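Peer 1: This is the structure alone, sequence omitted:
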């Protein structure tokens, strides 16, 4: 029964979290956006103290149920392991293996140091929730988008407009390749050894492993009933049951209940912790284990301290093909309103791609920079940041993009427009334009004669940088190709105008 409950709850969390990355309408986020915000690392970075304390209390009470129910990457590995087990017709194919402690602690140390140093690319690579988000948004979302577009075309031919087409495009080649490598690695590890990633690589799993050693509820082996058939060990995806010696490594146990369901003699039960005399003696005789535990507890405290500190072708009105817009060289990248600064973004963002997935204007895409790899940046080749849209700030689970109202967003300056004389259509082609001034939502651009003494000279834009908020409407709507005659330069620190 406990195993079935775990499977049902884990499946619901996996499906709903997957839906958050696929739902480009924003409908699902209204009801289930909180699932992204109860992930442990995002909650730590967002300083959601209540969520963190709840997850800590849950682990101290029930063990690592977070890993087997709430974490989408953990549940995904269970699905892969189950599917491969059915294909091989060998569900009981695992075996006890000692913990790879040096890898676990080494990865955790690197993770904590990267978090303290603000190296977001390393944090993004190791964070489990972010790894899952990248796989869904870059590998599954395009397939979902193509399916939606097929339905939209079919419905339109039938006279229905229940669906509408969504543009599908490659947002970042490096992030796409990382998602592919992550998927392949997880499938291989989960197919061969079950929860190897969770118990060897994942820093969140390592930290929760410290707490789960002290959990009140846990699987317990009754030696009087056990006949040493080792079925529990062969069914354990975490490889944490030493059936021969009747021992369970609770730091790696994810409370999946597979062993409880597998035991035909009722020798394993999920019950209150009852340390035996043998277990107590073994604990006293293992000072190395105590030192290791102290190290992990210290690393967990350090982690908490760090958290606190912390293109397709288009045509014009005739038949002429317009060149695709090219990304201008920006000295300072642009991050969304609500990010407050580049430093805040680097310190809090885990590169989960949720904001990129929900951006309705195709403005956000993952960064290709080494230090900010996979973190969102704004660019305006496909759209501009509309003042009335606050989607990214509504869904961010880590506090990298803080919530803000539509009124506040219209006043946040994330950058300023820069005019490039050599690209401007009135000067290059001798025709009137003024597209940038007409569409500027803040009235920061004024058209003036290019020659002050000649009122009939071609009119060119002048930017009032005090009023410009950096939304990118001018850059996106500028007719100059392939580079716009006006582009937005980002600000390291945002300010209200």
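Peer 2: Cool, got the structure. These numbers were taken from a predicted model, which means no experiment stands behind them.

Peer 1: Which stretches in the stretch 201-350 of the chain count as strands?
Peer 2: Counting by DSSP state E, counting those that start in this stretch, the stretch 201-350 of the chain has strands at residues 217-221, 241-242, 247-248, 268-272, 314-315, 321-322.

Peer 1: What of the stretch 1-150 of the chain?
Peer 2: Counting by DSSP E, counting those that start in this stretch, the stretch 1-150 of the chain contains no strands.

Peer 1: and stretch 324-336, which residues are buried?
Peer 2: Within stretch 324-336, the residues scored as buried using 16 or more other C-beta atoms under 10 Å are 325, 328, 330, 333, 334, 335, 336. Using the backbone N, CA and C atoms, a C-beta is placed for each residue, glycine as well.

Peer 1: Next: stretch 183-194.
Peer 2: Quick answer for stretch 183-194 (16+ other C-beta under 10 Å): 183, 186, 187, 189, 190, 191, 193, 194.

Peer 1: coming back round to it: may I see the buried residues of stretch 324-336 arranged in CSV, with pLDDT and distance to residue 137 as well?
Peer 2: Shown next, in CSV, are those (pLDDT from 0 to 100; distance: C-beta to C-beta, whole Å):
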residue, pLDDT, distance to residue 137
325, 81, 23
328, 90, 25
330, 92, 24
333, 94, 20
334, 96, 20
335, 95, 18
336, 94, 16
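
Peer 1: between those residues, which is nearest residue 133?
Peer 2: The closest of the buried residues of stretch 324-336 to residue 133 turns out to be residue 336 (C-beta to C-beta; 16.5 Å).

Peer 1: residue contacts, that closest one?
Peer 2: Applying C-beta atoms under 8 Å, 6 or more residues apart in numbering to residue 336 gives the contacts 355, 363, 364, 376, 378, 385, 392, 393, 401, 414.

Peer 1: Check the strands of the stretch 201-350 of the chain for me and report the most buried one.
Peer 2: Comparing the strands of the stretch 201-350 of the chain by mean neighbour count (mean count of other C-beta atoms under 10 Å), strand 241-242 ranks first with a mean of 23.

Peer 1: re earlier: neighbour-wise, which one of the contacts of residue 336 leads?
Peer 2: residue 376 (30 neighbours; other C-beta atoms under 10 Å).

Peer 1: what residues are up against residue 139?
Peer 2: Residue 139 neighbours (C-beta under 8 Å, 6+ apart): 176, 179, 180, 183.

Peer 1: ok, 6 Å please
Peer 2: By C-beta atoms under 6 Å, 6 or more residues apart in numbering, the contact set of residue 139 is residue 179.

Peer 1: do the same with residue 42
Peer 2: Going by C-beta under 6 Å, 6+ apart, residue 42 touches 397, 398.

Peer 1: Just want to check the distance between it and residue 133.
Peer 2: According to C-beta to C-beta, to the nearest Å, residue 42 and residue 133 sit 10 Å apart.

Peer 1: ok so, going back, same list (the buried residues of stretch 183-194) but as CSV, adding distance to residue 157 and secondary structure.
Peer 2: CSV is the format used below for the buried residues of stretch 183-194 (distance: C-beta to C-beta, whole Å; DSSP: H, G, I helix; E, B strand; the rest coil):
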residue, distance to residue 157, secondary structure
183, 35, helix
186, 40, helix
187, 38, helix
189, 45, helix
190, 42, helix
191, 42, helix
193, 49, helix
194, 47, coil
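
Peer 1: hang on, the earlier thing: of the contacts of residue 336, which belong to helices?
Peer 2: Under the assignment DSSP state H, the contacts of residue 336 contribute 355, 392, 393 to helices.

Peer 1: Distance to residue 224 for the residues you listed - can I get that in TSV?
Peer 2: Output for those, formatted as TSV (distance: C-beta to C-beta, whole Å):
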residue	distance to residue 224
355	55
392	58
393	58
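
Peer 1: in stretch 362-375, what counts as buried?
Peer 2: For stretch 362-375, using 16+ other C-beta under 10 Å, the buried residues are 362, 363, 364, 365, 366, 367, 372, 373, 374, 375.

Peer 1: Equivalent analysis for stretch 380-390, please.
Peer 2: Neighbour count says stretch 380-390 has 380, 381, 382, 383, 384, 385, 386, 387, 389, 390 buried, by 16+ other C-beta under 10 Å.

Peer 1: Return the residues in contact with residue 124.
Peer 2: Residue 124 is in contact with 130, 350, 351, 374, counting by C-beta under 6 Å, 6+ apart.

Peer 1: Tabulate the residues you listed in JSON lines, adding columns for distance to residue 342.
Peer 2: Listed next are those as JSON lines, based on distance: C-beta to C-beta, whole Å:
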{"residue": "130", "distance to residue 342": "19"}
{"residue": "350", "distance to residue 342": "16"}
{"residue": "351", "distance to residue 342": "15"}
{"residue": "374", "distance to residue 342": "15"}
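
Peer 1: and of the residues you listed, the nearest to residue 397?
Peer 2: Taking C-beta to C-beta as the measure, residue 397 lies nearest residue 350 of the contacts of residue 124, at 8.6 Å.

Peer 1: what's that closest one in contact with, if anything?
Peer 2: 123, 124, 127, 130, 398.

Peer 1: of those residues, closest to residue 87?
Peer 2: Checking those against residue 87 with C-beta to C-beta, the nearest one is residue 130 at 28.9 Å.

Peer 1: Let me know the distance separating the closest one from residue 203.
Peer 2: For residue 130 relative to residue 203 (C-beta to C-beta), the value is 12 Å.

Peer 1: With residue 351 instead?
Peer 2: Look at residue 351 and residue 203: by C-beta to C-beta, they are 15 Å apart.

Peer 1: got any ranges where the stretch 251-400 of the chain has weak pLDDT?
Peer 2: Low-confidence segments of the stretch 251-400 of the chain (pLDDT under 70): 274-323.

Peer 1: picking up where we left off before, next, format the strands of the stretch 201-350 of the chain as CSV and append distance to residue 482.
Peer 2: Converted to CSV, the strands of the stretch 201-350 of the chain look like this (distance: least, C-beta to C-beta, whole Å):
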stretch, distance to residue 482
strand 217-221, 62
strand 241-242, 61
strand 247-248, 62
strand 268-272, 63
strand 314-315, 12
strand 321-322, 9
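
Peer 1: which stretch among these comes nearest residue 155?
Peer 2: Across the strands of the stretch 201-350 of the chain, residue 155 has its closest neighbour in strand 314-315 (24.0 Å, C-beta to C-beta).

Peer 1: From the ones in helices among the contacts of residue 336, pick the one nearest residue 53.
Peer 2: Taking C-beta to C-beta as the measure, residue 53 sits nearest to residue 393 out of the ones in helices among the contacts of residue 336, at 24.7 Å.
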